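Enquirer: predicted coordinates and the sequence they were generated for:
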Protein chains: 2
Amino acid sequence: MTLGPGYTPRQLQIDAARLNNTLHETCKWGCAHRWGDRPTETGMCRLALSDDDRKVRDWFVGETTRLGCSVTVDTMGNLFAIRAGKQGGAPTAMGSHLDTQPTGGRYDGILGVMSAVEALRTIHCAGYETEYPIAVVNWTNEEGARFSKSLHGSDVWSGGYTLKDAHALEDVARPGVTAASELERIGYDGGTPCSHWNNPLAAHFEVHIEQGPVLEAHRERIGVVQGGQAYKWFKIRIQGRDSHAGTTPFDYRADPMQAAARFLLMTHDVARSHNGLATTGIFRLEPGSVNTIPNHVEFTLDIRHVDDAVLSAMEAEMRARGEGLLQTDSRHQCTMTWEFLQDNSATHFNADCKAAVKEAALASVSPAEVREMVSGAGHDSCATSRTVPTAMIFVPCAGGVSHNPSEYATPEDCALGAQVLLDAALLYDSRRTR
Amino acid sequence: MTLGPGYTPRQLQIDAARLNNTLHETCKWGCAHRWGDRPTETGMCRLALSDDDRKVRDWFVGETTRLGCSVTVDTMGNLFAIRAGKQGGAPTAMGSHLDTQPTGGRYDGILGVMSAVEALRTIHCAGYETEYPIAVVNWTNEEGARFSKSLHGSDVWSGGYTLKDAHALEDVARPGVTAASELERIGYDGGTPCSHWNNPLAAHFEVHIEQGPVLEAHRERIGVVQGGQAYKWFKIRIQGRDSHAGTTPFDYRADPMQAAARFLLMTHDVARSHNGLATTGIFRLEPGSVNTIPNHVEFTLDIRHVDDAVLSAMEAEMRARGEGLLQTDSRHQCTMTWEFLQDNSATHFNADCKAAVKEAALASVSPAEVREMVSGAGHDSCATSRTVPTAMIFVPCAGGVSHNPSEYATPEDCALGAQVLLDAALLYDSRRTR
């Protein structure tokens, strides 16, 4: 290995056992939902700004301080552990989140922060001097589980959501308890403005479990994430006419259940033909009696595509074809309305950051084990990418399972992810010019 | 009109205004759910064996006694108002039910009893002597709304359900309150065994609103009911695998919602190809999140056909074709289970009774206004037809709407139904030989 100017991937090497130990050790705060006999065979319930979240934050501050960092806390409780470099400037950051779903696992978000801490530890123990500052970031309430706004902290920081709105959000289970009051209660209402203007980063790298089945199915080990899909959410209502299942011939029915069945198959046809996705995860009907044709059904539609324009075309085609499906098997017709719930445009990660991740990946595994892929889920990196160069690293998770206590990634894959994170961040650090 | 031996249709004529007045007057007991400004523009909530049911029963006993009947109350609270004929023997009966759905209308069942009372009144006022006894019957809890067994009284009488089970049924809203305790409480726990053996009838005629749209749509006025459809109820469960809507490509999904959509369209195809019916009136899924592919859906399937064998063939075809639909758009497959809820074989009404109804109908309206048809819903006559010659008369109802406060039949159609009931019963009486 040539040690020339700049950094060479694997020049520093993370300690796989130390990473694994730290990850599981810190899961004692919020440990829940045991599913197996071994000590680590539990899930997690570490809701944002809870007492357990405070405890792991306290550990984070102590550990990163011990590793030579100064820790900044912003007004959203985002934590920035910054280690100085040879010169000043905005830090090259490695970040993710320590909060979990109420029935979450030990990897989603946690792996990203623990890998970043392990990378920091590796740099510190090797006495390696970075060109610019390096930061490890813990973003507040990425999950949006306790306060109903996902990417809560990172979205305020990057300008996508106002601090006022973010502070006012209430605990979904305890009205009156707000994000602001909980930040104050646990002592993480920091003085630094939550803004990329006031507290900038130079880049953001994040390692995360894939939360899908693709890497595992292809026996691949690293995903070089190109960006995030665009997605839109709708609530769709189809109105028919309730009537008796025995006395109403097909020709006299306006059956919204049949119209919905046709509609759902059509959404898959349209999505498939555009190489996109469509999902219906909520479905209700009324009045709900075995021998009564429903008068009303309502359901959600989640559509996704990597390209904003194609996603809009998918939506338009579904709306147009949906109208043609309302006259089911009858002379009567149902009616349909679409309610808009969410619209998220596609995320495109930074070319230099992606190149650093890919180079780092190929230093550790063969090209056949590396996949360039798009994230199906939202991540803090989708927020940061609006304002700073960003890229992500995916590692496989068992069965593609996530948001579930049994979520699992092997220690080897976790270590590989952390190594690629370290290498990508130091490659970027060694090459950035300001 | 020749007055020869026997009875000639329209020899006696019912009083349309008197029928209409009696029907609405007695709806003061249980009147509910106002939908219009006029006094009669309400629905009904007259649950079986409630205080309102007791009041209308008291009226029924008083009125039929006044019209020369002796009233028998059996152990299910079924009321038999019997008027003697020239000779003894089992009575020719006209019957239906006075109980309603909780959000029911003024015609379902009520029209049948009030038409029978009006027919009795017409016979009585004319001093007409029937050959055999004539009975007006009020069957207990036809709706099965308060105690969850439809055709509750008539099914015990005809041997399809045990008295013990029938007495033990609890009020759906008040556990511990049983049919037996309510019969006792309202004073209608009669001493006559509830059985066609101990308390026989010679025939049973019933007039009822169609509860479907066919007569109205064809501008027809009388349905000569040939029998009841066979029907089966199932609960079907499809198990897939929950996964993230954004991170799970179609090829990796086992989406029970898509499998169910295909299944529901298939059930209509199969039913239509056999000239039968299929309905899904209840549908649930889990876990129910916009961006999560469900792991489980369950829904009911109600299938119907006039022929038991064809219904079984429909079921077999749906089961076979259903298995082929479980692999949706993926290499993965859902699994499906069928739970049996109910099986009701087809009802075939008696040829002599149907002939009497048809002859009676054609005496009042033109052949183009008479339809031979099958009942889609269950009625007390479906129970009685197992043991005694039975037929039914349908009259149109507005929009086919029933089990709804706005259920409506015109006074003219109600009167016509009562006239056909009277004529059919007297034709049958004049021709029966024992």
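Expert: Great, that's in hand. No experiment lies behind these values; they were computed from the predicted model shown.
Enquirer: pLDDT weak spots in the stretch 1-150 of chain A?
Expert: Filtered on pLDDT under 70, the stretch 1-150 of chain A yields the residue ranges A:1-5.
Enquirer: same thing but at 90, please
Expert: The stretch 1-150 of chain A contains residues with pLDDT under 90 at A:1-6, A:103, A:145, A:148-150.
Enquirer: how about the helices of it, start to end?
Expert: A:16-26, A:51-66, A:110-126 (DSSP state H, counting those that start in this stretch).
Enquirer: Throw the ones you listed into JSON lines and include distance to chain B and mean neighbour count, thanks.
Expert: Just so you know, the C-beta spots here come from the backbone N, C-alpha and C atoms, and that holds for glycine as well. Formatted as JSON lines, the helices of the stretch 1-150 of chain A follow (distance: least, CB to the nearest CB, whole Å; neighbours: other CB atoms under 10 Å in any protein chain shown):
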{"stretch": "helix A:16-26", "distance to chain B": "21", "mean neighbour count": "17"}
{"stretch": "helix A:51-66", "distance to chain B": "23", "mean neighbour count": "18"}
{"stretch": "helix A:110-126", "distance to chain B": "15", "mean neighbour count": "24"}
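Enquirer: those: which one's closest to A:Gly104?
Expert: Using CB to CB as the measure, helix A:110-126 is the one of these that comes nearest A:Gly104, at 8.9 Å.
Enquirer: turn the helices of the stretch 1-150 of chain A into a markdown table, including distance to B:His305.
Expert: Output for the helices of the stretch 1-150 of chain A, formatted as a markdown table (distance: least, CB to CB, whole Å):
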| stretch | distance to B:His305 |
| --- | --- |
| helix A:16-26 | 61 |
| helix A:51-66 | 60 |
| helix A:110-126 | 58 |
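Enquirer: what's the closest of those helices to B:Arg18?
Expert: helix A:51-66 (77.3 Å).
Enquirer: and the closest one, how far out from the chain middle?
Expert: Its chain's average C-alpha position is 22 Å from that of helix A:51-66, according to CA atoms, centre = their mean, to the nearest Å.
Enquirer: just stretch A:157-174 next, same as before
Expert: A distance of 18 Å separates the centroid of the chain from that of stretch A:157-174, by CA atoms, centre = their mean.
Enquirer: that stretch: end-to-end distance?
Expert: In stretch A:157-174, first residue to last residue: 26 Å (CA to CA, to the nearest Å).
Enquirer: wait, does it contact chain B?
Expert: No: for stretch A:157-174 and chain B, the contact criterion (CB under 8 Å from any CB of the partner chain) is not met; the two come no nearer than 13.6 Å.
Enquirer: bridged to A:Ile238, which residues?
Expert: Beta-bridge partners recorded for A:Ile238 (DSSP bridges): A:Val297, A:Met336.
Enquirer: surely it is in contact with A:Ala260?
Expert: Yes: with contact defined as CB atoms under 8 Å, A:Ile238 reaches A:Ala260; the gap is 5.5 Å.
Enquirer: higher neighbour count, the two?
Expert: A:Ala260 (31 against 27; other CB atoms under 10 Å in any protein chain shown).
Enquirer: and the residue lying closest to that one once chain neighbours are set aside, how many residues sit next to it?
Expert: Using CB to CB, 6 or more residues apart in numbering or on different chains and skipping the chain neighbours, the partner closest in space to A:Ala260 is A:Val297 (4.9 Å). By the criterion of other CB under 10 Å, A:Val297 has 25 neighbours.
Enquirer: shared neighbours of A:Ile238 and A:Ala260, which are they?
Expert: Taking CB atoms under 8 Å, 6 or more residues apart in numbering or on different chains as the contact rule, A:Ile238 and A:Ala260 both touch A:Val297.
Enquirer: for the spatially closest residue to A:His152 that is not a sequence neighbour, grab the count of nearby residues.
Expert: The shortest distance from A:His152 to any residue other than its chain neighbours is 3.7 Å, reached at A:Asn141 (CB to CB, 6+ apart). Using other CB under 10 Å, A:Asn141 has 29 other residues around it.
Enquirer: now for A:Asn141: which residues touch it?
Expert: A:Ala48, A:Leu49, A:His97, A:Asp99, A:Phe147, A:Lys149, A:His152, A:Gly153, A:Ala179.
Enquirer: how about a cut-off of 10 Å?
Expert: Neighbouring residues of A:Asn141 by CB atoms under 10 Å, 6 or more residues apart in numbering or on different chains: A:47-49, A:53, A:76-78, A:97, A:99, A:147-155, A:166, A:169, A:179, A:182.
Enquirer: A:Lys354 reaches A:Gln226, doesn't it?
Expert: Yes: with contact defined as CB atoms under 10 Å, A:Lys354 reaches A:Gln226; the gap is 6.5 Å.
Enquirer: please identify which of those two sits among more neighbours.
Expert: Taking neighbours as other CB under 10 Å, A:Lys354 and A:Gln226 compare with A:Lys354 leading, 21 against 18.
Enquirer: distance of the residue most central in space within chain A from chain B?
Expert: Nearest residue to the geometric centre of chain A (CA atoms, centre = their mean): A:His379, 3.0 Å. Taking CB to the nearest CB, to the nearest Å as the measure, A:His379 falls 11 Å from chain B.
Enquirer: hang on, the earlier thing: pretty sure the residue nearest to A:Ala260 contacts A:Asp242?
Expert: No: contact criterion CB under 10 Å: A:Val297 and A:Asp242 do not qualify, at 11.2 Å.
Enquirer: quickly list what's touching both of these two.
Expert: Listed contacts common to A:Val297 and A:Asp242 are A:Asp255, A:Pro256, A:Leu285, A:Glu286; contacts here mean CB under 10 Å, 6+ apart.
Enquirer: tell me the SS of the third one?
Expert: Using DSSP: H, G, I helix; E, B strand; the rest coil, the secondary structure recorded for A:Leu285 is strand.
Enquirer: what about the spatially closest residue to A:Val113 that is not a sequence neighbour, distance to A:Ala320?
Expert: Nearest residue to A:Val113, sequence neighbours excluded (CB to CB, 6+ apart): A:Ser96, at 4.9 Å. Separation of A:Ser96 from A:Ala320 (CB to CB, to the nearest Å): 41 Å.
Enquirer: more neighbours, the two?
Expert: The neighbour count for A:Ser96 versus A:Ala320, taken as other CB under 10 Å, is higher for A:Ser96 (29 against 10).
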